[in-house]
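Colleague: predicted model follows, preceded by the sequence.
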Amino acid sequence: MRNQTSTKSKIASDVDVQLAIATAVLLGVSALAFLIMPALNLKSSDNINFVINEPSNGCYGLMGDLNGNGVLDEDDQAMIAAIISGTASFNPCADLEGSDGIIGPGDLAVFKTVRIKQDTPLCTDSDGGREYFTSGSVTSFFPSQNQYESINDVCRNTTDGGDIATGKFLIEGTCEENGGTGVMKIAYECPNGCKNGACIPSVGDTRKFLCQPKPKGTDWNTVGEYTQTWTGATKWQPIGSAPQYNTEPSATSCRYICASDYQLNEETGQCLPIPLSQTLSCGYLFPGEEWIGDSTYVSTWNGTEFLPIYTKTYNLTPGTCNFKCISNYVYDNSYGKCKPSGQTRKFFCGAKPANTVWSYPGSSVSYKYYVQGLNTATNLWVPVATPTIYATIGTEYDCNYKCSPGYITIHGLCISSGPAPITNIYYCGSLPENAEWNSVGNYTQQWSGTSWVPPVAIPTYSTTSSNQSCNYKCKSGFVWDGGTCKSQ
């Protein structure tokens with residue numbers, strides 16, 4: 001279950017530890033495990049920050065609470081099932097898995113799990129536990145109160161000193177041990193000192209690299225975490241990696257594949273649920289071919305496979321997926337296709353962009369051509385000449401191309417999909433007369449895997465400065481009259 005972002009908080013008093021515990025009790029967080037190791041002498045300002053969710057992404061209150069009674073019950077479960085079946089409309093509070101705007105079986109499974117545990121705190125540690133060489137944060141979430149506590153790993157010169165960028169001790173936040181669900185802090189004296197919430201490593205030191213969350217409907221192939229070793233010169237090996245779809249197993253990178261009962265959509269790159277039944281196409285008709293039966297049919301999932309399955313077949317008898325040759329074409333058994341029986345010529349495709357390959361397997365790296373036959377009945381060359389375009393699926397008789405391995409398409413360009421973030425400089429455009437940016441006219445965006453962050457913005461009048469949007473204000477000596485900047 002996702003945690004919603006919030007700005008409203010109830011902060012425990014910075015008086016002493018006992019008062020922090022008393023505050024937790026008054027707030028009704030009876031399950032809170034606020035553990036401080038006695039020998040650490042941690043200061044009282046390490047107390048918990050309680051955060052209560054406010055409206056986010058269209059959902060008001062507790063995620064999964066569709067009827068708004070403050071608990072997850074059978075009525076909520078029935079409403080989610082109705083949304084999945086199509087008998088009820090979309091509700092953002094039911095979008096429990098992945099926050100992807102799609103309500104499906106995975107969201108219902110998350111609801112059932114959380115409902116069972118709704119009175120049990122859930123603790124998560126971003127660096128996976130006691131990882132002294134990774135700066136992280138730990139969060140304990142209380143579903144029944146819709147509240148959570150969160151602390152970050154910090155550096156200090158003494159265990160009870162103030163938080164600083166560099167120091168002697170690391171104050172490591174982690175989940176309570178032995179199955180506990182609260183937050184605890186551990187003071188660790190770093191041999192080489194502490195910097196920015198992590199110990200400074202020596203050559204040969206190791207740490208656990210946790211892969212970022214993978215998309216909905218996927219399984220890791222083969223690991224969701226792996227061990228890195230410090231080699232010096234600011235390098236951990238093997239390098240960290242972003243989750244990406246790859247059917248080749250790896251124990252040293254964050255690769256995933258589609259989960260059982262999910263299949264890859266080649267166009268979107270998403271793993272989508274396999275439908276119970278689907279209309280399948282018999283395939284592609286090559287130049288010189290025509291159907292003499294149904295070219296599509298319905299196939300049903302029996303739990304293991306889709307049945308029936310038809311294949312495209314050359315057959316002069318009408319039937320599902322059967323085809324024959326058109327006039328002026330004859331079937332070549334050795335070639336497996338209809339070939340022109342008269343005059344032919346070669347058509348060469350136009351040049352393709354950088355970082356791409358032809359979509360049809362076996363095509364030349366640098367160029368591609370296909371054979372056209374003259375249809376004497378129409379005096380036209382078949383197949384027709386085609387433009388060079390981006391498409392992940394190609395045939396022998398087109399000029400389709402796709403991104404080379406290791407590249408992804410963004411805004412029509414094939415860009416490296418390596419571990420380094422993909423960034424873009426977004427320019428706001430022109431300013432209205434007598435206006436100036438407040439405070440930038442361009443900003444850096446990062447590709448999240450589905451969209452640019454921060455998003456594209458249009459120039460907007462605002463007295464609030466921002467370095468992540470296209471806000472502008474009137475120049476000195478001019479005032480805003482609701483539509484333009486006019487002289488005072």
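Modeller: Okay, I see it. Numbers count the residues shown, from 1 in each chain.

Colleague: show me the contacts for the closest residue in space to residue 80 that isn't next to it in sequence.
Modeller: Distances taken as CB to CB, 6 or more residues apart in numbering place residue 94 nearest to residue 80, at 4.8 Å, with adjacent residues excluded. Glycine gets a C-beta too; all of them are placed from N, C-alpha and C. The contact partners of residue 94, taken as CB atoms under 8 Å, 6 or more residues apart in numbering, are 64, 66, 79, 80, 83, 103, 107, 111.

Colleague: residue ranges with poor pLDDT in the stretch 151-300 of the chain?
Modeller: 178-181 (pLDDT under 70).

Colleague: again, 90 this time
Modeller: Where the stretch 151-300 of the chain drops to pLDDT under 90, the residues are 151, 159-163, 165, 173-185, 212-217, 232-235, 239-241, 259-279, 283-288, 300.

Colleague: first-to-last residue distance for stretch 383-390?
Modeller: For stretch 383-390, the first-to-last residue distance is 19 Å (CA to CA, to the nearest Å).

Colleague: for that stretch, the averaged confidence score.
Modeller: Averaging the model's pLDDT scores along stretch 383-390 yields 88.

Colleague: in that stretch, what counts as buried?
Modeller: Buried residues in stretch 383-390, defined by neighbour count with 16 or more other CB atoms under 10 Å: 383, 388, 390.

Colleague: rebuild the residues you listed as JSON lines, extending it with secondary structure and distance to residue 286.
Modeller: Shown next, in JSON lines, are the buried residues of stretch 383-390 (DSSP: H, G, I helix; E, B strand; the rest coil; distance: CB to CB, whole Å):
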{"residue": "383", "secondary structure": "coil", "distance to residue 286": "8"}
{"residue": "388", "secondary structure": "strand", "distance to residue 286": "20"}
{"residue": "390", "secondary structure": "strand", "distance to residue 286": "22"}
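
Colleague: distance to residue 176 for these - can I get that in a markdown table?
Modeller: Shown next, in a markdown table, are those (distance: CB to CB, whole Å):
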| residue | distance to residue 176 |
| --- | --- |
| 383 | 68 |
| 388 | 60 |
| 390 | 52 |
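
Colleague: closest to residue 193 out of those?
Modeller: Using CB to CB, residue 390 comes nearest to residue 193 of those, at 51.0 Å.

Colleague: what bits of the stretch 351-488 of the chain have low per-residue confidence?
Modeller: Low-confidence segments of the stretch 351-488 of the chain (pLDDT under 90): 351-357, 359-386, 388, 391-398, 402-434, 439, 441-460, 469, 480-488.

Colleague: which ones are touching the closest residue to residue 458 other than its chain neighbours?
Modeller: Spatial nearest neighbour of residue 458, chain neighbours left out: residue 470 (6.2 Å); criterion: CB to CB, 6+ apart. Contacts of residue 470 were listed using CB under 8 Å, 6+ apart, and they are 428, 429, 437, 441, 457, 458, 459, 460.

Colleague: next, give phi and psi for the closest residue to residue 135 other than its chain neighbours.
Modeller: Spatial nearest neighbour of residue 135, excluding adjacent residues (CB to CB, 6+ apart): residue 197 at 3.3 Å. Residue 197 has phi and psi values of phi 80, psi 20 when expressed as degrees, to the nearest 10.

Colleague: and residue 197, how many neighbours?
Modeller: Residue 197 has 20 neighbouring residues, counting by other CB atoms under 10 Å.

Colleague: tell me the contacts of it?
Modeller: 135, 136, 152, 153, 154, 155, 170.

Colleague: now do 7 Å
Modeller: By CB atoms under 7 Å, 6 or more residues apart in numbering, the residues touching residue 197 are 135, 152, 153, 154, 155.

Colleague: which residue ranges of the stretch 351-488 of the chain form helices?
Modeller: Using DSSP state H, counting those that start in this stretch, the helices of the stretch 351-488 of the chain do not appear at all; there are none.

Colleague: so which of the contacts of residue 470 belong to strands?
Modeller: Secondary structure from DSSP state E places 437, 460 of these in strands.

Colleague: pull out the buried members of the contacts of residue 470.
Modeller: Neighbour counting by 16+ other CB under 10 Å classes 428, 437, 441, 459 among the contacts of residue 470 as buried.

Colleague: measure the closest residue to the last one other than its chain neighbours to residue 445 for me?
Modeller: What sits nearest to residue 459 in space, not counting adjacent residues and going by CB to CB, 6+ apart, is residue 470, at 4.6 Å. When distances are taken as CB to CB, to the nearest Å, residue 470 and residue 445 turn out to be 12 Å apart.

Colleague: for the contacts of residue 94, which one is nearest residue 331?
Modeller: residue 103 (49.1 Å).

Colleague: so that closest one makes contact with residue 88?
Modeller: No. Assessed by CB atoms under 7 Å, residue 103 is found out of contact with residue 88, at 9.3 Å.

Colleague: neighbour count: these two, which is higher?
Modeller: Remark: of residue 103 and residue 88, residue 103 carries more neighbours, 22 against 16, as counted by other CB under 10 Å.

Colleague: sec struct for the more buried one, please.
Modeller: coil (DSSP: H, G, I helix; E, B strand; the rest coil).

Colleague: OK, contacts around the residue lying closest to it once chain neighbours are set aside?
Modeller: Computed as CB to CB, 6+ apart, the closest residue to residue 103 that is not its neighbour in sequence is residue 83, at 4.7 Å. Residues near residue 83 by CB under 7 Å, 6+ apart: 90, 91, 94, 103.

Colleague: what do you get for residue 252?
Modeller: Going by CB under 7 Å, 6+ apart, residue 252 touches 226, 238.

Colleague: now do it against residue 187, distance only.
Modeller: Distance, residue 252 to residue 187, by CB to CB: 32 Å.

Colleague: how about residue 66?
Modeller: In this view, residue 66 and residue 187 are 44 Å apart by CB to CB.

Colleague: got it, and residue 269?
Modeller: Here residue 269 is placed at a distance of 45 Å from residue 187 (CB to CB).

Colleague: helices along this protein, start to end?
Modeller: 17-26, 74-85, 105-116 (DSSP state H).

Colleague: looking at those helices, which has the lowest confidence?
Modeller: The stretch with the lowest mean pLDDT among those is helix 17-26, at a mean of 29.

Colleague: what's the closest of the contacts of residue 470 to residue 246?
Modeller: Closest to residue 246 out of those is residue 457 (34.2 Å), distances taken as CB to CB.

Colleague: give the contact list for the closest one.
Modeller: Contact analysis of residue 457 by CB under 7 Å, 6+ apart lists 469, 470.

Colleague: quick one: stretch 221-235 to chain centroid distance?
Modeller: Relative to its chain's centre, stretch 221-235 lies at 22 Å (CA atoms, centre = their mean, to the nearest Å).

Colleague: list the contacts of it.
Modeller: Applying CB under 7 Å, 6+ apart, the external contacts of stretch 221-235 come out as 128, 201-211, 236-238, 246, 249-252, 255-257.

Colleague: again, only using 8 Å
Modeller: With CB under 8 Å, 6+ apart, stretch 221-235 has contacts from 128, 133, 201-211, 214, 236-240, 246-257.

Colleague: now, these that are in strands?
Modeller: Counted as lying in strands by DSSP E, out of these, are 206, 207, 208, 209, 210, 236, 237, 255, 256, 257.

Colleague: thinking again about what came up before, now the buried ones among the contacts of residue 470 in JSON lines, with distance to residue 404?
Modeller: Formatted as JSON lines, these follow (distance: CB to CB, whole Å):
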{"residue": "428", "distance to residue 404": "33"}
{"residue": "437", "distance to residue 404": "38"}
{"residue": "441", "distance to residue 404": "34"}
{"residue": "459", "distance to residue 404": "37"}
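
Colleague: going by distance to residue 483, which of the residues you listed wins?
Modeller: For those, the closest approach to residue 483 (CB to CB) belongs to residue 459, at 13.3 Å.
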